[in-house]
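S.K.: Please find the sequence and the predicted model below.
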Amino acid sequence: MNLEQYIRNINNFPKEGIVFKDITPLLGNPKAFEACANKLASLVNTQVDKVIGVEARGFFFAGSLSQKLNAGFVPVRKKGKLPYEVIEASYELEYGTDVLQIHKDAIQKGDKVLIHDDILATGGTAKAVCELVERLGGEIVQCNFIAIIDFLNGKEKLNYPTKSVLHF
């Protein structure tokens, strides 16, 4: 199945000059959703204790991945969204800055962690998530994405195996 046909470009969103990769058509098609979930799981060839889903679009497939990999699911959310004690990291986007948080007890020292998000662009978000996992003592085994926008070189910011279903 050609999953690329289920990702649409939205020009000038969220600001002028950005081409946003919209995965909602992929989410809305059950066969495409299943095919993508299976391909994402097939990218992982090692034991995983926890799968991190990055707010918000990383949540869609991280839950499925945690089930397929028999691992726990851990949400990483924007500041102020988690109810328990957290640690946080700031990061830069193509269009600004933000803060991500994770519960302090979400990752145990030595946990093997898969980080999942929908799109890897400039790498700021994924790098911040890696920092959070490292601070909690987790071992990042892989970062995976539905797609990587190659010309933005975000993969160069990550010092871990990084895989994706699609490349743009």
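M.R.: Cool, got the structure. Every value quoted in this text rests on a predicted model; they were computed, and no experiment measured them. Residues are numbered from 1 along each chain as shown.

S.K.: so where do the helices sit in the chain?
M.R.: 24-28, 30-42, 59-68, 124-135 (DSSP state H).

S.K.: I'd like those laid out as a markdown table, including mean neighbour count and distance to Phe13.
M.R.: For the C-beta atoms, the positions are set from N, CA and C on the backbone; glycine is no exception. Listed next are the helices of the chain as a markdown table, based on neighbours: other C-beta atoms under 10 Å; distance: least, C-beta to C-beta, whole Å:
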| stretch | mean neighbour count | distance to Phe13 |
| --- | --- | --- |
| helix 24-28 | 15 | 13 |
| helix 30-42 | 16 | 22 |
| helix 59-68 | 20 | 19 |
| helix 124-135 | 21 | 17 |
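
S.K.: how about CSV for the ones you listed, with mean pLDDT added?
M.R.: Shown next, in CSV, are these (pLDDT from 0 to 100):
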stretch, mean pLDDT
helix 24-28, 98
helix 30-42, 98
helix 59-68, 97
helix 124-135, 97
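
S.K.: can you put those in TSV and add distance to Pro75?
M.R.: TSV is the format used below for the helices of the chain (distance: least, C-beta to C-beta, whole Å):
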stretch	distance to Pro75
helix 24-28	17
helix 30-42	17
helix 59-68	7
helix 124-135	11
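
S.K.: For Leu82, which of the ones you listed is the nearest?
M.R.: helix 124-135 (11.6 Å; C-beta to C-beta).

S.K.: quick one: contacts of that closest one?
M.R.: 52, 54, 76, 87-93, 100-102, 107, 113, 115, 117, 120, 140, 143, 154, 157-160 (C-beta atoms under 8 Å, 6 or more residues apart in numbering).

S.K.: in stretch 136-153, what counts as buried?
M.R.: The neighbour-count check on stretch 136-153 (16 or more other C-beta atoms under 10 Å) flags Leu136, Gly138, Ile140, Val141, Gln142, Cys143, Asn144, Phe145, Ile146, Ala147, Ile148, Ile149 as buried.

S.K.: what distance separates that stretch from the centre of its chain?
M.R.: 7 Å (C-alpha atoms, centre = their mean, to the nearest Å).

S.K.: All the strands of the chain, in order from the start?
M.R.: 8-11, 19-22, 50-54, 72-78, 86-93, 96-103, 112-120, 139-148, 162-167 (DSSP state E).

S.K.: could I get those strands as CSV with mean pLDDT and distance to Ala62?
M.R.: Shown next, in CSV, are the strands of the chain (pLDDT from 0 to 100; distance: least, C-beta to C-beta, whole Å):
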stretch, mean pLDDT, distance to Ala62
strand 8-11, 98, 22
strand 19-22, 96, 17
strand 50-54, 98, 3
strand 72-78, 98, 6
strand 86-93, 91, 18
strand 96-103, 92, 13
strand 112-120, 98, 4
strand 139-148, 98, 10
strand 162-167, 98, 14
